[in-house]
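Asks: Below is the structure, and that's it, no one-letter string:
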């Protein structure tokens, strides 16, 4: 599958699942962020704001800010105050006479004064302050990356280091900006944005337009997501990640289609181990991804000293055991072998029959190279062989999960006619090209669900 096709699918999947709470946002952020970015950018909101401030339109806004900030609007209000003796402000004689007459006609020390005050907290300024807050705090989080020579950083941020300092100076020290209160959580409201958009001043118009752009990103507007993935910082570094996400969402999509069969798709909370969950009266199906939290009580480990079924060790096993002991003594650490985590795991739980579980494991290789596919086959079989819970290995070494317990997804072959058709594959794992996955995945999953 071409990169453009993968991006098109990913755009639709984000809009369909992530924005409706059916896929955890932070799980997506962990996949989308560049490898150079640290763990802070696994936060979906922060990653989206990084994308936002790298937009050329935002850079333009900051470049024009020093000149336009001078035209900031205020409102003046007359504040009335009753005073006795000393007078501070302009005396309102009409109000003073009325006040004296009402309270004490002979009291000549009583005055009503008015003082004009400048008021900054108008709708347009709340919109401006919100935009400045987003830019300022995202720059604080990402400054070390923006100042480096990463290809995904907007050149104008990188080349004009003074621009960041100017933005910081305005936000921290400009007397007008400091007098604008910080927006409430729910602000700016639609009314505030509308007033800013209709302002005659460009600084307010652009502030509203840019915040509307940001809102579209967070609400899952497909055009905004497509632009985000195709043109800005957070596009995955490699097509392997795009293909993994494509496969992951095909699992979720297929599971969702099973709702008509008595299953219901559950909303996934942030921080959950699952990236998708489906439940019926009898069974629960959960999808886990390699960057999600480790699955409770499930691992992929092999300990040659304890996992040889009582037989005598082979020479390679003896070498590995002895080397492990030396390493443990020297480095003071455990050396139990652990395979890598598979890209997708489908977990099935049969609640009404004692909680027995079946597993379907998928590995993804963005390649048609025979050597890479060979490695993928070996890795998928290793996942099945070393899959274990607190009681030991899940599957015995003879069948490794039975018929079609694993899946290897590979890139499309150019001739479109490589390898054995899926329905003719009668082994522990199946191999399929990415473009054929959607038409066959339901059959693969149903084999496990019906067990």
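Replies: Nice, I can see it. Bear in mind the structure is a predicted one, so any value in this text is a computation, not a measurement.

Asks: helices or strands up against the helix or strand hosting residue 145?
Replies: Element membership for residue 145 (DSSP states H and E) is helix 123-146. Applying 3 or more C-beta pairs under 8 Å, 6 or more residues apart in numbering; DSSP states H and E, one finds that helix 123-146 makes contact with helix 44-53, helix 56-68, helix 161-173, helix 190-197, helix 202-219. Any C-beta I mention is one placed from the backbone N, CA and C, and that applies to glycine too.

Asks: With mean pLDDT, mean neighbour count and distance to residue 140 as extra columns, can I get those in TSV?
Replies: Formatted as TSV, the helices and strands packed on helix 123-146 follow (pLDDT from 0 to 100; neighbours: other C-beta atoms under 10 Å; distance: least, C-beta to C-beta, whole Å):
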stretch	mean pLDDT	mean neighbour count	distance to residue 140
helix 44-53	85	22	11
helix 56-68	91	16	14
helix 161-173	88	14	8
helix 190-197	95	17	25
helix 202-219	92	18	17
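
Asks: And those helices: which comes nearest residue 432?
Replies: Across the helices and strands packed on helix 123-146, the minimum distance to residue 432, taken as C-beta to C-beta, is reached by helix 44-53, at 30.4 Å.

Asks: ok and that closest one relative to helix 56-68, angle-wise?
Replies: Relative orientation of helix 44-53 versus helix 56-68 (axes from the mean of the first three to the mean of the last three C-alpha atoms, to 10 degrees): 70 degrees.

Asks: out of the helices and strands packed on helix 123-146, which comes closest to residue 288?
Replies: helix 44-53 (18.4 Å).

Asks: Which of the helices and strands in the protein ranks last by mean pLDDT?
Replies: In the chain, no helix or strand scores lower on mean pLDDT, DSSP states H and E than strand 337-338, which sits at a mean of 50.

Asks: Now for residue 283, how many residues are close by?
Replies: 17 (other C-beta atoms under 10 Å).

Asks: and what of residue 128?
Replies: Neighbour count of residue 128, defined by other C-beta under 10 Å: 30.

Asks: What residues does the residue lying closest to it once chain neighbours are set aside make contact with?
Replies: Of all residues not flanking residue 128 in the chain, residue 207 sits nearest, at 4.7 Å (C-beta to C-beta, 6 or more residues apart in numbering). Contacts here follow C-beta atoms under 8 Å, 6 or more residues apart in numbering; on that basis residue 207 touches 61, 124, 127-128, 130-131, 196.

Asks: CSV please, covering the helices and strands packed on helix 123-146 and showing distance to residue 144.
Replies: Formatted as CSV, those follow (distance: least, C-beta to C-beta, whole Å):
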stretch, distance to residue 144
helix 44-53, 12
helix 56-68, 18
helix 161-173, 11
helix 190-197, 32
helix 202-219, 23
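
Asks: For residue 181, find the nearest of the ones you listed.
Replies: Closest to residue 181 of the helices and strands packed on helix 123-146, according to C-beta to C-beta: helix 190-197, at 12.6 Å.

Asks: circling back to that earlier point, would you mind measuring from the residue nearest to residue 128 to residue 184?
Replies: Taking C-beta to C-beta, to the nearest Å as the measure, residue 207 falls 17 Å from residue 184.

Asks: Residue 49 now?
Replies: Look at residue 49 and residue 184: by C-beta to C-beta, they are 19 Å apart.

Asks: try residue 365
Replies: 49 Å.

Asks: Can you give me the neighbour number for residue 438?
Replies: 14.

Asks: Is it in a helix, a strand, or coil?
Replies: At residue 438, secondary structure determined by DSSP: H, G, I helix; E, B strand; the rest coil is helix.

Asks: for it, what are its contacts?
Replies: The contact partners of residue 438, taken as C-beta under 8 Å, 6+ apart, are 250, 253-254.

Asks: So which of these are in strands?
Replies: If you go by DSSP state E, the contacts of residue 438 have nothing in strands.

Asks: quick one: which of those is nearest residue 74?
Replies: When these are ranked by distance to residue 74 (C-beta to C-beta), residue 253 comes first, at 52.8 Å.

Asks: quick one, what contacts the closest one?
Replies: 13, 16, 438.

Asks: Sort these by pLDDT and name the bottom one.
Replies: When the contacts of residue 253 are sorted by pLDDT, the bottom entry is residue 16 at 70.

Asks: which non-adjacent residue is nearest residue 138?
Replies: Using C-beta to C-beta, 6+ apart and skipping residues adjacent in sequence, the residue nearest residue 138 is residue 49, 4.3 Å away.

Asks: what's near enough to touch the one you found?
Replies: Counted by C-beta under 8 Å, 6+ apart, residue 49 has contacts 134, 137-138, 214.

Asks: And these, which two are furthest apart?
Replies: Greatest spatial distance among the contacts of residue 49 (C-beta to C-beta): 137 and 214, at 13.1 Å.

Asks: What's the PyMOL line that selects buried ones from the contacts of residue 49?
Replies: With 16 or more other C-beta atoms under 10 Å as the criterion, this PyMOL line picks the buried residues out of the contacts of residue 49:
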select buried, resi 134+138+214
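
Asks: Just to check, residue 408 is in contact with residue 378?
Replies: No: Residue 408 is beyond contact range of residue 378, at 10.0 Å (criterion: C-beta atoms under 8 Å).

Asks: Secondary structure element holding the closest residue to residue 241 other than its chain neighbours?
Replies: Once flanking residues are discounted, residue 241 sits nearest to residue 31: 5.7 Å by C-beta to C-beta, 6+ apart. Per DSSP H and E, residue 31 falls inside helix 25-32.
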